[in-house]
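A.B. asks: Pasting the sequence and the predicted model now:
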Amino acid sequence: MDAEVAPLLPPTPPAEDTRPRARPRRAETYVVAAFSVLAFVSVTLLSASALRRHYAGGGWGAHRHGARSPASAPPLLGSVPASEALTFAVIGDWGRDGSHKQTAVAGALARAAAAHDLRFVVSSGDNFYDGGVDSTGDSQWRTSFEDVYKQRSLVHAAWFSVLGNHDHLGNVAAQVDYSGLSRRWTMPAPYYTQTFTLGGVGGGADAAPGWDVQMVFIDTTPFVRDAYGKAARKLNGQKPDVQLDWLRGVFANSTADAIVVVGHHNMYTMTTSASLGVPEMRAYIEPVLLAARGKVITYISGHEHSLQHLQPYGEWGRGGAAAVASGEAVVHGASPVGGAATGEGGMDHFISGGGSKLDPMTPPSRAKAGMWLHCCGVLAVRGDTDAKSQGADSPRAVWGAESHGFYVFEVTREYLAVVAYDEGFNRIYSYERLLGGKRE
Ligand SMILES: *[C@@H]1O[C@H](CO)[C@@H](O)[C@H](O)[C@H]1NC(C)=O
């Protein structure tokens, strides 16, 4: 991370790298009914683990959390048959030869894979520090990937991966090409999409129709004008406009029932420590996602080395839609209150960057207090420093932890459920959102 945010977007030569997978299927009317959200935060007291900074809907505190509760399967995951759920983990910012607890997080990921019958793992980028890989024969493939995520529950899981700014310092084509050499590494192109059908089994007139979840993997670094972005443009010559057109086309062509977008850089943040890329993501990517509002249920990134959950006010209404938690107590959240977004469906933003080395989650200094808003009983931080934007598009900080770890996501016809685990496989956060239907 650097502090500097430069102006936006220089065009560069195109890269031919798309593999749209959208399948034309039945015409779909996507109706998002008024949703209600139940979310809760559980902060487990103590253990020998280090003090970590933790934010949960009401303020910052340093909490000890860790090993007391063995991670039993949370109630929200696995409540429908596996064929009716798309269950996957998202881990980001990891490749450090096993150091900085990368190996411990891998152990927890392996336990999650066994416990939740994950269909695949998603890497949200910064796969290899500090400078990506040189080639498909780079020793980091072994020391940072194969030898670290080697547990039996993980070796068969596909890894759908995106590129981070550190990957762009190396050989991007090698990360694409490694897909052909590995049973699990999957990066058919720097940006790509893959659709999964839930259910739809059985024949005859009574067969339940399938339900499609489309995963869209984007390459965010070429949009970002920091040093890494410059390197990306120079080394990899990708033209951002081409990717944006592709993304619009993916959404326009999509017949999926729900879309999940994954990229490396975050659009919102609750820290002041690593917001690089936020303005560009908000300027270029977010409008395209919002144009597919209702279908795009979540945007998942890495980049900041922590775990965060944010909800932009502009989509959720100022009443917000998720939990308010304080101290170590578990507090249940309220349903969305007012706001145009109610009934339309907002987009949840998750940051999954706890795969190895952590960033401090720095609360704002007094001098930067103007960056912060207080609303509705929670503290929220704006995603940028432009005073004009303090308002409807400001994010609501729902939860964050300066913790190693990763998320498990489960998307079904009815709900999006999300659980965060730390490196001890302790469940440190969970969230559930209905997707327009009621849980039976
Ligand atoms: C969308 O569909 C059009 C028309 O079939 C096609 O030309 C285009 O390549 C598609 N775009 C994407 C990104 O799938």
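C.D. replies: It's in.

A.B. asks: Below-threshold pLDDT in the stretch 101-250 of the chain: ranges please.
C.D. replies: Applying pLDDT under 70 to the stretch 101-250 of the chain flags residues 200-208, 226-236.

A.B. asks: One more: the stretch 251-400 of the chain?
C.D. replies: In the stretch 251-400 of the chain, residues with pLDDT under 70: 272-275, 313-345, 362-396.

A.B. asks: What ranges does it have for its helices?
C.D. replies: According to DSSP state H, counting those that start in this stretch, the stretch 251-400 of the chain carries its helices in the segments 278-280, 286-291, 313-316.

A.B. asks: Do the second one and the ligand come into contact?
C.D. replies: The reference is to helix 286-291. No. Residues of helix 286-291 contacting the ligand under C-beta under 6 Å from any ligand atom: none, with a closest distance of 11.9 Å. C-beta coordinates here come from the backbone N, C-alpha and C atoms, glycine included.

A.B. asks: Give the buried residues for that helix.
C.D. replies: Across helix 286-291, burial judged by 16 or more other C-beta atoms under 10 Å covers 286, 288-289.

A.B. asks: so what does that helix touch, helix or strand wise?
C.D. replies: Contacts defined by 3 or more C-beta pairs under 8 Å, 6 or more residues apart in numbering; DSSP states H and E place helix 286-291 against helix 240-253.

A.B. asks: Can you tell me which of the buried residues of helix 286-291 is closest to the ligand?
C.D. replies: Lowest distance from the ligand to those (C-beta to the nearest ligand atom) belongs to Val288, with 11.9 Å.

A.B. asks: Distance of the closest one relative to Met267?
C.D. replies: To Met267, Val288 is 12 Å away according to C-beta to C-beta, to the nearest Å.

A.B. asks: do Gly277 as well
C.D. replies: As judged by C-beta to C-beta, Gly277 and Met267 stand 9 Å apart.

A.B. asks: Does Thr271 touch His305 like I think?
C.D. replies: No. Counting by C-beta atoms under 8 Å, Thr271 does not reach His305; the two are 10.0 Å apart.

A.B. asks: Which of these two has more residues huddled nearby?
C.D. replies: A direct count of neighbours by other C-beta atoms under 10 Å for Thr271 and His305 places His305 higher, at 27 against 24.

A.B. asks: Verify the stated contact: Glu286 with Met267.
C.D. replies: Yes. Glu286 is within contact range of Met267, at 5.5 Å (criterion: C-beta under 8 Å).

A.B. asks: The host helix or strand of Asp212: which residues count as buried?
C.D. replies: Element membership for Asp212, per DSSP states H and E: strand 210-217. Within strand 210-217, the residues scored as buried using 16+ other C-beta under 10 Å are 211-217.

A.B. asks: Number of residues surrounding Ser254?
C.D. replies: Per other C-beta under 10 Å, the neighbour tally for Ser254 reads 24.

A.B. asks: Need the contact partners of the helix or strand hosting Val90.
C.D. replies: Assigned by DSSP H and E, Val90 falls within strand 86-91. Strand 86-91 has contacts (C-beta atoms under 8 Å, 6 or more residues apart in numbering) with 77-78, 105, 109, 112-113, 116-124, 196, 198, 213, 262, 300, 350, 352, 354-355, 406-412.

A.B. asks: Buried only: go through those residues for me.
C.D. replies: Among the contacts of strand 86-91, those buried by neighbour count (16+ other C-beta under 10 Å) are 77-78, 105, 109, 112-113, 116, 118-124, 196, 198, 213, 262, 300, 350, 352, 354-355, 406-412.

A.B. asks: Next up, the contacts around Ser356.
C.D. replies: With contacts defined as C-beta under 8 Å, 6+ apart, the neighbours of Ser356 are 93-96, 99-102, 105, 129, 305, 404.

A.B. asks: again, only this time at 10 Å
C.D. replies: 91-106, 126, 129, 144, 148, 305, 404, 423 (C-beta atoms under 10 Å, 6 or more residues apart in numbering).

A.B. asks: Who does the closest residue to the ligand within the stretch 51-200 of the chain form a beta bridge with?
C.D. replies: Nearest to the ligand, among the residues of the stretch 51-200 of the chain, is Thr193, at 7.9 Å (C-beta to the nearest ligand atom). In this entry, Thr193 is beta-bridged to Val216, by DSSP bridges.

A.B. asks: so it touches Asp212, yeah?
C.D. replies: No. Judged on C-beta atoms under 10 Å, Thr193 makes no contact with Asp212 at a distance of 11.4 Å.

A.B. asks: Checking my notes, Val176 in a helix, right?
C.D. replies: Yes. Under DSSP: H, G, I helix; E, B strand; the rest coil, Val176 falls within a helix.

A.B. asks: Can you give me the neighbour number for it?
C.D. replies: Neighbours around Val176, by other C-beta under 10 Å: 19.

A.B. asks: Name the nearest residue to Met267, ignoring sequence neighbours.
C.D. replies: Met281 (4.3 Å; C-beta to C-beta, 6 or more residues apart in numbering).

A.B. asks: For Thr221, see how far away that neighbour is.
C.D. replies: 11 Å.

A.B. asks: now swap in Val411 and tell me
C.D. replies: 26 Å.

A.B. asks: ok, now Gln194?
C.D. replies: Separation of Gln194 from Thr221 (C-beta to C-beta): 21 Å.

A.B. asks: of those two, who's got more company?
C.D. replies: Taking neighbours as other C-beta under 10 Å, Gln194 and Thr221 compare with Thr221 leading, 33 against 17.

A.B. asks: didn't the more buried one look like it was pressed against Ser301?
C.D. replies: No. If you go by C-beta under 10 Å, Thr221 and Ser301 don't touch, sitting 11.7 Å apart.

A.B. asks: Identify the contacts common to these two.
C.D. replies: Taking C-beta under 10 Å, 6+ apart as the contact rule, Thr221 and Ser301 both touch 125, 162, 164, 263-265, 277.
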